[in-house]
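Participant: Would you be able to build a 3D model of this:
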Amino acid sequence: MKLFAKEVVSSIKNIGAIAPSSKYLAKDIIKHIDFKENQVILEFGCGNGAITRQVLKQIPASSRLISLEINEPFLKHCQNSFSIYKNFEIYNHSAIEFDVLLKQLQIEKVDYLISSLPLAILPKTDLDDLFKKIPNYLENNGSFLQYQYSLNKYKYLKTVFDSVKLDFTPINLPPAFIYRCV
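Facilitator: As a prediction, the model looks like this:
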């Protein structure tokens, strides 16, 4: 919590949250993942690792969790916290250009994409660039999972995905909506 508070003060524009994700939010997000062998899960913004931790508890050893984090203290924290997991990779890489990294890693598609990005404060051009690419990188049965503190991107996501379903996690600061997009 101390690391998160320090980073919020110095980087609120990139973090977009006032508190770390609760374990309840993390568990509510991963309940939408059907963990199987040989999957690739991509995570945008692992922050202090609340969601990352829950994914790593469930993911089979043959699957990979690839996380992108641009905040250096969060990056180092997650590198240290999750170094025992051989199927966890973390990169100091912008989510906006996730496709460049996937090409470097020779990954054509991902099974799930979990996003902690603050969509409400992303510039429209970045948002449009990002969501032009995301559907092309999801497996046929793949899902995009995003949490937000409001419903302001619901209509936007409905223009990108065939199906957008909502869940709600009240035990989080602030309470959060989970968008499950396919």
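Participant: Tell me where the protein has strands.
Facilitator: 40-44, 64-68, 88-91, 110-115, 138-148, 164-169, 176-181 (DSSP state E).
Participant: buried sites along the third one?
Facilitator: The neighbour-count criterion (16 or more other Cβ atoms under 10 Å) identifies 88, 90 as the buried residues of strand 88-91. All C-beta spots, glycine's among them, are computed from the backbone N, C-alpha and C.
Participant: other SSEs contacting it?
Facilitator: For strand 88-91, the elements it packs on are strand 64-68, helix 72-81, judged by 3 or more Cβ pairs under 8 Å, 6 or more residues apart in numbering; DSSP states H and E.
Participant: ranking these by burial, who's on top?
Facilitator: Counting by mean count of other Cβ atoms under 10 Å, strand 64-68 has the highest mean neighbour count of the helices and strands packed on strand 88-91, with a mean of 23.
Participant: So what touches that one?
Facilitator: For strand 64-68, contacts defined as Cβ atoms under 8 Å, 6 or more residues apart in numbering pick out 39-46, 52, 55-56, 59, 78, 85, 87-91, 93-95, 98, 101, 105, 107, 110.
Participant: Let's check: the centremost residue of this structure is which one?
Facilitator: A centroid search over the chain (Cα atoms, centre = their mean) returns residue 115, at 2.4 Å, as the residue closest to the centre.
Participant: picking that back up, quick check on the contacts of strand 64-68: which are buried?
Facilitator: 39-46, 52, 55-56, 59, 78, 85, 87-88, 90, 93, 95, 98, 101, 110.
Participant: Using TSV, lay out the strands of the chain together with mean pLDDT and distance to residue 26.
Facilitator: Putting the strands of the chain into TSV (pLDDT from 0 to 100; distance: least, Cβ to Cβ, whole Å) gives the following:
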stretch	mean pLDDT	distance to residue 26
strand 40-44	98	11
strand 64-68	98	13
strand 88-91	98	15
strand 110-115	98	10
strand 138-148	97	9
strand 164-169	98	9
strand 176-181	98	10
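Participant: Can you lay out the ones you listed as TSV showing distance to residue 130?
Facilitator: Output for the strands of the chain, formatted as TSV (distance: least, Cβ to Cβ, whole Å):
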stretch	distance to residue 130
strand 40-44	9
strand 64-68	12
strand 88-91	16
strand 110-115	9
strand 138-148	10
strand 164-169	16
strand 176-181	13
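Participant: right, and those strands - which one's nearest residue 158?
Facilitator: strand 164-169 (5.2 Å; Cβ to Cβ).
Participant: between the closest one and strand 138-148, how many degrees?
Facilitator: For strand 164-169 against strand 138-148, the angle by axes from the mean of the first three to the mean of the last three Cα atoms, to 10 degrees is 40 degrees.
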